[in-house]
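K.L.:
okay, sequence plus prediction incoming.
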2 protein chains.
Amino acid sequence: MSADATSHAPGTTINGVSPQQRTIEETLTDTVLASFEKCEDPRLKDLMQALTRHLHTFIREVRLTEAEWDAAIAFLTAAGHITDDKRQEFILLSDVLGASMMTVAVNNEAVGNATEATVFGPFFAEDAPEIPLGGDIAGSASGQPCWVEGTVTDTDGNPVPNARIEVWEADDDGFYDAQYTDGRIAGRAHLYSDKDGNYSFWGLTPTPYPIPHDGPVGMMLEKVGRSPVRASHLHFMVTAPGLRTLVTHIFVTGDPQLEIGDSVFGVKDSLIKDFVPQPAGTPTPDGRDLEGTGWARTRFDIVLAPTGA
Amino acid sequence: MSADATSHAPGTTINGVSPQQRTIEETLTDTVLASFEKCEDPRLKDLMQALTRHLHTFIREVRLTEAEWDAAIAFLTAAGHITDDKRQEFILLSDVLGASMMTVAVNNEAVGNATEATVFGPFFAEDAPEIPLGGDIAGSASGQPCWVEGTVTDTDGNPVPNARIEVWEADDDGFYDAQYTDGRIAGRAHLYSDKDGNYSFWGLTPTPYPIPHDGPVGMMLEKVGRSPVRASHLHFMVTAPGLRTLVTHIFVTGDPQLEIGDSVFGVKDSLIKDFVPQPAGTPTPDGRDLEGTGWARTRFDIVLAPTGA
Ligand SMILES: [Cu+2]
Ligand SMILES: [Fe+3]
Ligand SMILES: [Fe+3]
């Protein structure tokens, strides 16, 4: 990627372009930048000027053809037309370009040993039921039962009691409850850590699922030879007073999609956990009778960063 | 703009970010770049990788907030929903960010004395009527009559006979024929240069008009304090065998919008022409009787670049 690194720098961007042409292009960028100088909102001005610089440098660097510009307009138009209350193609586009994950990264800067954040995804719901410690989030969602346990602490190792833990996941057909039309609430719940910061619940062993890929984003992924599938994961959102809200997933050691590549780049090594298979008949931690089916167990210790970090 | 120049270079982009955080962000970009490595179309791969680099650098450089990311998604969604067969908000967006003009620039590189290109705009029509030399393009379009004349030559000064010259413009209410619902064809025509490369026609003295600004792009222009108005202009497209097709406008010396700023950045100094007012009663070049109204005249000598330049 040395070519990438150098070609992003000014003065090295444009190869084989005459000085006359180069002046024309640079003057155009300066004119567009200057057009935002009257903006009274300094942050908006910075954003528009930075967007202009990167967009112009992109076009100049790749020497974008008029046919490619037409294709980009057609792509955005198609994305706009498939987008409605249920489908959000622009978020998918941001996701598959890693722009969503980069936004998460810059808004959740690394703080020592604090648990890393990842993408929020489109399937969180405000109204998930509350379950007690050790309760089951599955409802009618199908899949292998999975015992999940851990502690919530701050970055100094102090337990965080009463942290609100939202968890949600797809069933083993790869669908969230909201993707069914019957109004079910399944595969999601919230619970609270106990006085020592401990939590536990029954979920489902995560399985892979594709992002919606029957639209322009899916077509782009196919053209570039990329999989639309997300690595298997279980979503968490953890909130506690005085601590930074954590939005993250855990992933599954050995999931082949980790090698193929998560379609939205949500994976961090620190978030890949062992989901240990338990043969049918293995006693469960809470004495639950699983009627002769196998299950799995995993541990996820959550470390919350200080607020404002 | 020295800050702009330096902040676009790698290694200086991200200020006040810890080495740990910086590694996280750089690793994410590398992962996304690598995801396009399997793309079998080398040009598409280059485009997607360049897009990724500039998009990621933009997000990192401005430290895009999650609220700003939400606003960007909402903007694109609104642009998608206002776009239909008649309205193209993504083209407007490209226009007001100077991306359309930059694309024109990189596809019509400066060649010596060749006439400069500018944006095509959305109002060209394939089926404009043919007029003879000295004919009138106005039809039912209202405005001050304007005599336009010039020559078409190549960059060596050789006349180009029989060049096809398409011309189109708004009426003095600021509307193109296609913006009326009555199906009129007005303010547009095509003609051919004569054996010495000369051409002439009656058009209308150009007047300013706004781009459609009742949508998200118009709202953005208002927020940043920019005018949606285009500098007054007359469109040309000139084609001749063996020469590069020229898409351009001419602008009007003294038009106040030249100072305020053309909303789509189409102006080049070389394209600003004197439109010389002719008091009522001044004899016309072709003896046309204008029944006591004033008129204007201008000259636009067109120099076509070689094909492939
Ligand atoms: Cu850039
Ligand atoms: Fe998910
Ligand atoms: Fe126009």
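P.N.:
Received it, and whenever you're ready, just let me know what you need. All values reported here derive from a predicted model rather than from experimental measurement. Ligands and ions are numbered 1, 2, ... in the order given.
K.L.:
OK, now which residue of the stretch 201-309 of chain A is nearest to ligand 1?
P.N.:
residue A:265 (19.0 Å; Cβ to the ion). Placement of C-beta: from N, CA and C, glycine included.
K.L.:
pLDDT wise, what is that residue at?
P.N.:
The pLDDT attached to residue A:265 in the predicted structure is 98.
K.L.:
so it sits against residue B:32, correct?
P.N.:
Yes: at 5.8 Å, residue A:265 counts as touching residue B:32 under the criterion of Cβ atoms under 8 Å.
K.L.:
mutual contacts of these two, please.
P.N.:
residue A:98 (Cβ atoms under 8 Å, 6 or more residues apart in numbering or on different chains).
K.L.:
domain ranges for chain A?
P.N.:
Domain assignment for chain A by automatic domain parsing gives A:2-64, A:95-304.
K.L.:
just say which of the ones you listed is most tucked in.
P.N.:
domain A:95-304 (a mean of 18; mean count of other Cβ atoms under 10 Å in any protein chain shown).
K.L.:
ok, and does that one reach over to chain B?
P.N.:
Yes: Domain A:95-304 comes into contact with chain B (Cβ under 8 Å from any Cβ of the partner chain), by way of A:97-107, A:109-110, A:116, A:223-226, A:261, A:265.
K.L.:
mind checking the SS state of residue A:248?
P.N.:
strand (DSSP: H, G, I helix; E, B strand; the rest coil).
K.L.:
thinking again about what came up before, by mean pLDDT, show me the worst of the domains of chain A.
P.N.:
Confidence, taken as mean pLDDT, is least for domain A:2-64 of those (a mean of 85).
K.L.:
do a quick rundown of the strands in chain A.
P.N.:
A:145-154, A:164-168, A:188-192, A:198-204, A:209-210, A:229-230, A:233-239, A:246-252, A:272-273, A:276-278, A:295-299, A:302-304 (DSSP state E).
K.L.:
in TSV, list these along with distance to residue B:164.
P.N.:
Converted to TSV, the strands of chain A look like this (distance: least, Cβ to Cβ, whole Å):
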stretch	distance to residue B:164
strand A:145-154	71
strand A:164-168	62
strand A:188-192	64
strand A:198-204	67
strand A:209-210	50
strand A:229-230	52
strand A:233-239	60
strand A:246-252	59
strand A:272-273	64
strand A:276-278	74
strand A:295-299	71
strand A:302-304	69
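K.L.:
before we move on, the earlier item: contact partners for the residue of the stretch 201-309 of chain A closest to ligand 1?
P.N.:
A:95, A:98, A:101, A:119, B:28, B:31, B:32, B:35.
K.L.:
which two in those are spaced the farthest apart?
P.N.:
Greatest spatial distance among the contacts of residue A:265 (Cβ to Cβ): A:119 and B:35, at 15.1 Å.
K.L.:
that older thread, just give me the closest of the contacts of residue A:265 to residue A:50.
P.N.:
Closest to residue A:50, out of all of the contacts of residue A:265 and judged by Cβ to Cβ, is residue A:98, at 17.8 Å.
K.L.:
wait, that closest one touches residue B:53, no?
P.N.:
No: applying Cβ under 8 Å, one finds residue A:98 not in contact with residue B:53, separated by 10.6 Å.
K.L.:
need the residues of chain A near ligand 1, please.
P.N.:
Within chain A, the positions near ligand 1 by Cβ under 5 Å from the ion are A:54, A:57.
K.L.:
distance of the most centrally placed residue in chain A relative to residue A:263?
P.N.:
Central residue of chain A (Cα atoms, centre = their mean): residue A:119, 2.0 Å from the mean position. Distance, residue A:119 to residue A:263, using Cβ to Cβ, to the nearest Å: 11 Å.
K.L.:
who touches both of the two?
P.N.:
With Cβ under 8 Å, 6+ apart, residue A:119 and residue A:263 have common neighbours residue A:95.
K.L.:
pick out the residue of chain A closest to chain B.
P.N.:
Nearest residue of chain A to chain B: residue A:80, at 1.6 Å (Cβ to the nearest Cβ).
K.L.:
number of nearby residues for the nearest residue to that residue once chain neighbours are set aside?
P.N.:
Nearest residue to residue A:80 in three dimensions, chain neighbours excluded: residue B:80, at 1.6 Å (Cβ to Cβ, 6 or more residues apart in numbering or on different chains). By other Cβ atoms under 10 Å in any protein chain shown, the residues close to residue B:80 number 22.
K.L.:
thinking residue B:80 is in contact with residue A:79, fair?
P.N.:
Yes: between residue B:80 and residue A:79 there is a contact under Cβ under 8 Å: 6.3 Å.
K.L.:
shared neighbours of those two, which are they?
P.N.:
What both residue B:80 and residue A:79 touch, as defined by Cβ under 8 Å, 6+ apart, is the set residue A:90.
K.L.:
many thanks, we can stop here.
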